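Q: Next come a sequence and a model predicted from it.
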Amino acid sequence: MSVAADSASDRLVYRREELLESGRYAAPLDAGGVRCHGGFDDTGAYRSPRTIHRAPAIAAWQARLARAGAPLVAIPRELMPPQYPNVEQSVLLLEHGVRDPIVRTLTIVSIVEGFGAIIRDVRVPDLAALVVEPIEGTALAHLREGLFEAHARDESGWKDEGGHKQMWEAARDLALEKPKVPGDVLLRMMGRQAARRRPERPFPQLDETLERMLALMAQVLVVEVFAEGTFEWGMRVLGDPRVSAAPEAAAAMVGHIRADERPHVEYLRTALSEIGARTLRTVDGGTLPGRTVVDGLLHRILREITTTRPREQRDDLRESLVEAMKTAPNPAVLLEAFDALETCWSPPAATGFEPAAAA
Ligand SMILES: [Fe+2]
Ligand SMILES: [Fe+2]
């Protein structure tokens, strides 16, 4: 059962247990005393959990799409909003002993990772009945057969193994030496979530369960791609010896999480591309090109997230930031220096998934 043996194959059908299989590790991953998923091979290289079959399976499904001449969905990196506070701002705060905003940001990230487990609760409709073309041997056919479950386990841990939630907490605690975590982080996040209204359905002619599942997959794909900015930020801040108590270990931990996200991005874009290459049945007996639906959903989500996320990250932090700065010798000067380092960014005018572009 080696990765090499499988990666050379073009096998398209897998059992659920196979997609959840991690294989053997020479050494486990320990995150601040918490046994986590994944581990190290004989050469000391990190290998992500549940990838021994999942990784070659995704590669085989992507190769099949390529053979059919179907494009693979790609989210443009220039749409990725900058992290707030950015690396320079974060280092500045930590150098002045203002740790609360960074601890808060890292705690939000760990909580969001844990929320990722909701993917296992997504209802998967009878895809074979709702998609005109056959779906055997695709990522789509394996969503319920291991892909969603593997994703959920990676994010929030499984049984006695920690996942990304615990790994981010460990990176935070290593770099900032087990800081005091503000007690209101989760509450504030919940408040904002509750204030969101459910958007109206963009494709009411589709089966509602199908539409919801595809919308969630598109949303998670965008979040996973944009998380790359958070990983970059985390590795640079927590890996900075000027402000981190364990620069190597903390940055390595974030690097392991980052590696684990690859299969998430890849299976989601594969399954959405498979839909994009097919035809969907509508509830009134007609059909709709899958491409119209996938592009429409991605456009909507990208527009929403690129305009609201920078503001939300700022709002999350701003109030507590000013409060936390009061511990610095000269808060006004520090705030001015902090604001001067802010990244100027506005979302690009087009997402690349506009209905006209898809036509
Ligand atoms: Fe994650
Ligand atoms: Fe993920």
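A: Thanks, I have the structure now. Ligands and ions are numbered 1, 2, ... in the order given.
Q: Just the residues contacting stretch 194-212, thanks.
A: Residues from elsewhere that reach stretch 194-212 (Cβ atoms under 8 Å, 6 or more residues apart in numbering): 122-125, 127, 130, 215, 280-284, 286, 288, 293, 296-297, 300. Bear in mind the C-beta positions are built from the backbone N, C-alpha and C, glycine included.
Q: same thing with stretch 310-320?
A: Residues contacting stretch 310-320 (Cβ under 8 Å, 6+ apart): 81-85, 100-101, 104-105, 108, 182, 188-189, 192, 345.
Q: Who's the closest spatial neighbour of Ala215, skipping the chain neighbours?
A: Among residues not flanking Ala215 along the chain, Leu297 sits closest, at 5.3 Å (Cβ to Cβ, 6 or more residues apart in numbering).
Q: Burial check on the one you found, number of neighbours?
A: 24 (other Cβ atoms under 10 Å).
Q: Equivalent analysis for Ala66, please.
A: Applying other Cβ under 10 Å, we find 12 other residues in the vicinity of Ala66.
Q: Identify the residues contacting it.
A: The contact partners of Ala66, by Cβ under 8 Å, 6+ apart, come to Leu72.
Q: That one is in what secondary structure piece?
A: Element membership of Ala66 [criterion: DSSP states H and E] is helix 54-67.
Q: And Gly44, by the same measure?
A: Using DSSP H and E, no helix or strand contains Gly44.
Q: okay, it: pLDDT?
A: pLDDT recorded at Gly44 is 95.
Q: Quick check: phi and psi on it?
A: In terms of degrees, to the nearest 10, the main-chain angles of Gly44 are phi 90, psi 0.
Q: ditto for Thr279
A: Dihedral angles of Thr279 (phi, psi; degrees, to the nearest 10) stand at phi -120, psi 140.
Q: Put the buried members of the contacts of stretch 194-212 into a ChimeraX selection.
A: Selection of buried members from the contacts of stretch 194-212 for ChimeraX, criterion 16 or more other Cβ atoms under 10 Å:
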select :122,125,127,130,215,280,281,288,293,296,297,300
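Q: Quick check: strands, which of the contacts of stretch 194-212 are part of them?
A: Per DSSP state E, strands hold the following members of those: Leu280, Arg281, Leu288.
Q: residue contacts, the nearest residue to the first one once chain neighbours are set aside?
A: If I follow you right, that is Leu280. Among residues not flanking Leu280 along the chain, Leu288 sits closest, at 4.9 Å (Cβ to Cβ, 6+ apart). Going by Cβ under 8 Å, 6+ apart, Leu288 touches Phe203, Gln205, Leu206, Thr279, Leu280, Thr282.
Q: any chance of those residues in JSON lines, with distance to ligand 1 and pLDDT too?
A: JSON lines is the format used below for these (distance: Cβ to the ion, whole Å; pLDDT from 0 to 100):
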{"residue": "Phe203", "distance to ligand 1": "28", "pLDDT": "97"}
{"residue": "Gln205", "distance to ligand 1": "34", "pLDDT": "97"}
{"residue": "Leu206", "distance to ligand 1": "29", "pLDDT": "98"}
{"residue": "Thr279", "distance to ligand 1": "33", "pLDDT": "98"}
{"residue": "Leu280", "distance to ligand 1": "29", "pLDDT": "98"}
{"residue": "Thr282", "distance to ligand 1": "34", "pLDDT": "98"}
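Q: what's the distance between Asp315 and Arg188?
A: To Arg188, Asp315 is 9 Å away according to Cβ to Cβ, to the nearest Å.
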